[in-house]
Each structure stands twice: as C-alpha cells, then as structure tokens.
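Colleague: Here is my input; please provide its structure:
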Amino acid sequence: MSVKANTEGKNKELPGMTGKGVERVSILEVDTLIDRYVKARDVRMQHTQKEVEAKTKLINALRGYADKIGTDKEGTITYRHDDLICTLKHGKDDLKVKTETDDNE
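Modeller: All right, here's what the predicted structure looks like:
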C-alpha cells in the first residue's frame, strides 16, 4: 500500500463533509486577531534584526576604540554618552546600555 505525501504542506478539506466536528470552524473575531498578531510579530522581528545589526556595529566600534576609551583591570570598556552608560565586558558580546539613573537603582 502506497501513501502519498501531502506536497503542499496543508491538509485539504474533504468535499461534501459537513456537520459539527467535521467542518472547519471560522470565527471572524479570532481570524482578525490572528492577522493582527502576525502583522505585529513580523514588525517586531524586523525591528529585532535592525537592533542586532546596530548592537554588532556598536560592539565593533567600542572594541575598535578601546585604546582611546580605556578599559578597567578586567578589560571591560565603559563609555558615557549624555545620560547613558555603555558597558562591554571583555571577550564577550555582553553589551549593556543603561541610563545613569538605572545604574543607581
């Protein structure tokens, strides 16, 4: 007996099958909320990608200017910009950017 794989990745509805438990449930409110969620998720994922790229560039710049900025005895780079404190631990991509007030809490 040969079983044919579903090459489309989706199950097709069986024709002529109706009734509770057989028909696909369709609720407009849920469908709308799913669409809204997927759009918001996709926007977040695009922003996350941009954030990762910006973080990588910042890490590389901090490492490139480490001689000018200076490091502590563990090799951690600390750079201040306005009320922001940027800290990059030596040998890691452990980057933290906090406002100066966050550091005091």
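
Colleague: tell me which residues of the helix or strand where residue 47 lies are tucked away?
Modeller: Per DSSP states H and E: residue 47 is located in helix 28-64. Going by neighbour count (16 or more other CB atoms under 10 Å), the buried part of helix 28-64 is 59, 62. C-beta coordinates here come from the backbone N, C-alpha and C atoms, glycine included.

Colleague: now for that helix, which elements pack on it?
Modeller: strand 77-81, strand 84-88, strand 95-99 (3 or more CB pairs under 8 Å, 6 or more residues apart in numbering; DSSP states H and E).

Colleague: May I see those strands organised as JSON lines, with distance to residue 61 and mean pLDDT added?
Modeller: Formatted as JSON lines, the helices and strands packed on helix 28-64 follow (distance: least, CB to CB, whole Å; pLDDT from 0 to 100):
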{"stretch": "strand 77-81", "distance to residue 61": "9", "mean pLDDT": "96"}
{"stretch": "strand 84-88", "distance to residue 61": "10", "mean pLDDT": "96"}
{"stretch": "strand 95-99", "distance to residue 61": "11", "mean pLDDT": "95"}
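
Colleague: Compare these and give me the one nearest residue 40.
Modeller: Nearest to residue 40 among the helices and strands packed on helix 28-64 is strand 95-99 (24.8 Å), distances taken as CB to CB.

Colleague: how about that closest one as PDB, C-alpha atoms only?
Modeller: This file holds the C-alpha atoms of strand 95-99, laid out as PDB (Å, rounded to 0.1, in the frame of the first residue of the first chain):
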ATOM      1  CA  LEU A  95      26.800  44.800  26.000                       C
ATOM      2  CA  LYS A  96      24.700  46.900  28.400                       C
ATOM      3  CA  VAL A  97      23.400  50.400  27.700                       C
ATOM      4  CA  LYS A  98      21.600  52.000  30.600                       C
ATOM      5  CA  THR A  99      20.600  55.400  31.700                       C
END
